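Q: Need a 3D model of the following:
(one chain, ligands or ions: 2)
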Amino acid sequence: MLQWTGDRVLAKTGKPLDSLQRAILEGTLQGQKYPEIAKNSNVSHDYVKKVGSKLWKLLSDVLEEDIKIAQSNVRSILEKIEFSNNSHNVQICNGNINVWGENLHSPAKRRSPSAGRDNSDKVDRERCHDLRDAPELNWSCDRPQALATLKEWIIEKNTRLVTLLGLSGIGKTALAVQLVQLLQDNYDYIIWRSLENSPTRSDLQTNLMQFFSQQQATKFLSPLDYVRSHPCLIILDDVQQILASRELAGEYQPGYEDYGTFFKQVTEFPHKSCLLLLSWEKPRDIATLEAAQGKCRSFQLQGLGASGREICKERGLTDPDKWLELIHLYSGNPLWLNIVATMIIELFNGSVAEFLSCPTLCLGDVEPLLQKHCQRLSESEKQVMFWLASQEVAVEISSPPETIPLSPDDFFTAVHSLRRRCLIDKVAANGRSGFTLQPVIKEYVKHQSWARSN
Ligand SMILES: Nc1ncnc2c1ncn2[C@@H]1O[C@H](COP(=O)(O)OP(=O)(O)OP(=O)(O)O)[C@@H](O)[C@H]1O
Ligand SMILES: [Mg+2]
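A: Ligands and ions are numbered 1, 2, ... in the order given. Here you go, the predicted structure:
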């Protein structure tokens, strides 16, 4: 029912339901009240009430049914919308909704090579869309620009390999989940896999083949055969887990180099599929493939900007005139903002002004996240990070500073590598490029023993 309603909203408005809207709808369908939904979603009761009332208005418009007292009647209204096979092609059966019409396109039904006419669309979708590894995340802050660019690259420009880059917590996974919702009708197969446990390429290949072939005999020998013969969307999350630590960015761990061959084949063979990689750092081959042709692109996800105010609102913080300052200080990273919001609630009863009046930038639970990034650095990168942490403003890198005992070549290579890890920012200063660290990263590096020993 949730999926069906989400599809209707997407079809009518071009925008998927966000995670809180889905949580409210799902909770309501299960008979939960707002306080319980708020607790489960980790947001304030008031906020759920506000989002809820807008949601019922949206659903009333989309479903052309009056859903006013939603908490009591949403289930019955959804169940009432029982269309005949001929006119609307929707059947509701024990709370499951099967759709097989032209008005609500299901790719699996329209184009799936394996779609048997006697099976329901729901079954096909389950068979051809495997999103079990995709986490359910909150994405209340809109990122329309990022979504539009990625959609254009993937659909209009037929980019075969897209890498979504960004620090931990910036929202890569949340954005990719939205992207999948937006693009799902363009693909016969959609599969999401996390490389969190560092599977070898051969393990991943076996896993993908099990999904594609559905344990049936097939003439296809590898996932690449499916990618070339059907539109497929494959999402590989946590790609940094197959990359090496304490070396320059993007080097594969020993034994994982053949992932590079897979990425190269996906980029170079002609097809209508897309491989979407989510990573903290850009794998070495991707940089080379980007240079060679327009079928491979990378997108570095930036912080939330003003839309991050939604997180402050959701979490019930006070002093709205200070929210932008807070967002800027924590670089619009939604995870960092959520962590700091918890700290502000626990220590200052939600007062952002009081928190900001503290003399030092407080890292709290953001620190272990930064540690994970910094323990991946090579020695030369650590030297550059320490130097940048001691600079008040963005600096040019036309030559290495005297304090860094690196050759110009090693210095530039280290800066370049840090850029590929999204750890340093490039800003325009007097028409030239300056480099700097985000405030939180600067604060973290300043207090590291490895930095002090440099
Ligand atoms: N647009 C958004 N609006 C509100 N919250 C968001 C948004 N995007 C992400 N978040 C929240 O921020 C947190 C981190 O998001 P996410 O897991 O997508 O980051 P990530 O970049 O994939 O991090 P990692 O690299 O560690 O996997 C999650 O709790 C998520 O709910
Ligand atoms: Mg992620």
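Q: Quick check: residues of the stretch 251-400 of the chain near ligand 1?
A: By Cβ under 6 Å from any ligand atom, the residues of the stretch 251-400 of the chain that approach ligand 1 are 280, 311, 334-335. (C-beta placed from N, C-alpha, C; glycine too.)
Q: Could you dump those into a markdown table with pLDDT and neighbour count added?
A: A markdown table is the format used below for those (pLDDT from 0 to 100; neighbours: other Cβ atoms under 10 Å):
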| residue | pLDDT | neighbour count |
| --- | --- | --- |
| Trp280 | 98 | 23 |
| Ile311 | 96 | 25 |
| Pro334 | 97 | 25 |
| Leu335 | 97 | 19 |
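Q: Restricted to helices, list those.
A: Applying DSSP state H to these, the entries found in helices are 311, 334-335.
Q: Would you map the strands across this protein?
A: Ranges of strands in the chain, per DSSP state E, are 90-93, 96-99, 129-130, 161-165, 189-194, 232-237, 274-279, 296-300, 425-429, 432-436.
Q: Nearest to Gln383, out of these?
A: strand 432-436 (13.9 Å; Cβ to Cβ).
Q: buried set for the closest one?
A: Within strand 432-436, the residues that qualify as buried are 434-436, counting by 16 or more other Cβ atoms under 10 Å.
Q: and Lys282, what does it touch?
A: 163, 165, 249-250, 298, 420 (Cβ atoms under 8 Å, 6 or more residues apart in numbering).
Q: for the ones in helices among the residues of the stretch 251-400 of the chain next to ligand 1, which one is nearest Gly364?
A: Once Cβ to Cβ is applied, the member of those that ends up nearest Gly364 is Leu335, at 12.2 Å.
Q: how many other residues sit next to the residue nearest to Arg315 when sequence neighbours are not counted?
A: Leaving aside its sequence neighbours, Arg315 sits nearest to Ala341 (Cβ to Cβ, 6 or more residues apart in numbering; 4.1 Å). Number of residues near Ala341 (other Cβ atoms under 10 Å) recorded here: 21.
Q: I'd guessed Ala341 sits against Leu317; true?
A: Yes: using Cβ atoms under 8 Å, Ala341 is in contact with Leu317, at 5.9 Å.
Q: How is this structure divided into domains?
A: 2-104, 144-300, 305-362, 369-452 (automatic domain parsing).
Q: Make a markdown table out of those domains and add distance to Ala134.
A: Output for the domains of the chain, formatted as a markdown table (distance: least, Cβ to Cβ, whole Å):
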| stretch | distance to Ala134 |
| --- | --- |
| domain 2-104 | 12 |
| domain 144-300 | 4 |
| domain 305-362 | 17 |
| domain 369-452 | 21 |
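Q: Mean pLDDT lowest where, among these?
A: Here the lowest mean pLDDT among those goes to domain 2-104, at a mean of 69.
Q: Return the member of the buried residues of strand 432-436 nearest to ligand 1.
A: Thr436 (21.1 Å; Cβ to the nearest ligand atom).
Q: Give the other helices and strands that the longest helix seen in the chain contacts.
A: In the chain, assigned by DSSP H, the helix with the most residues is helix 45-63. The helices and strands touching helix 45-63, judged by 3 or more Cβ pairs under 8 Å, 6 or more residues apart in numbering; DSSP states H and E, are helix 2-13, helix 19-29, helix 34-41, helix 70-80.
Q: roughly how far apart are the residue of the chain positioned farthest from its centre and Phe411?
A: Within the chain, the residue lying farthest from the chain centre (Cα atoms, centre = their mean) is Glu402, at 40.0 Å. Applying Cβ to Cβ, to the nearest Å, the value for Glu402 to Phe411 is 11 Å.
Q: Equivalent analysis for Glu281, please.
A: To Phe411, Glu281 is 19 Å away according to Cβ to Cβ.
Q: These two: which has the busier surroundings?
A: For Glu281 versus Phe411, the count of surrounding residues by other Cβ under 10 Å is larger for Glu281: 26 against 20.
Q: got the contact list for that one?
A: Contacts of Glu281 (Cβ under 8 Å, 6+ apart): 165, 240, 243, 249-250, 376, 420-422.
Q: Ser41 now?
A: Counted by Cβ under 8 Å, 6+ apart, Ser41 has contacts 20, 23-24, 48, 138.
Q: Can you tell me which of these is closest to ligand 1?
A: Using Cβ to the nearest ligand atom, those come closest to ligand 1 at Asn138, 3.8 Å.
Q: quick one: the closest one and Ser19 touch, right?
A: Yes: using Cβ under 8 Å, Asn138 is in contact with Ser19, at 4.6 Å.
Q: any common contacting residues for those two?
A: Ala174.
Q: The closest residue to Ile37 other than its chain neighbours and Val266, how far apart?
A: Leaving aside its chain neighbours, Ile37 sits nearest to Gly27 (3.9 Å; criterion: Cβ to Cβ, 6+ apart). Using Cβ to Cβ, Gly27 is found at 39 Å from Val266.
Q: Neighbour count for the two, which is higher?
A: Neighbour tally, Gly27 and Val266, criterion other Cβ under 10 Å: the higher count belongs to Val266, 23 against 20.
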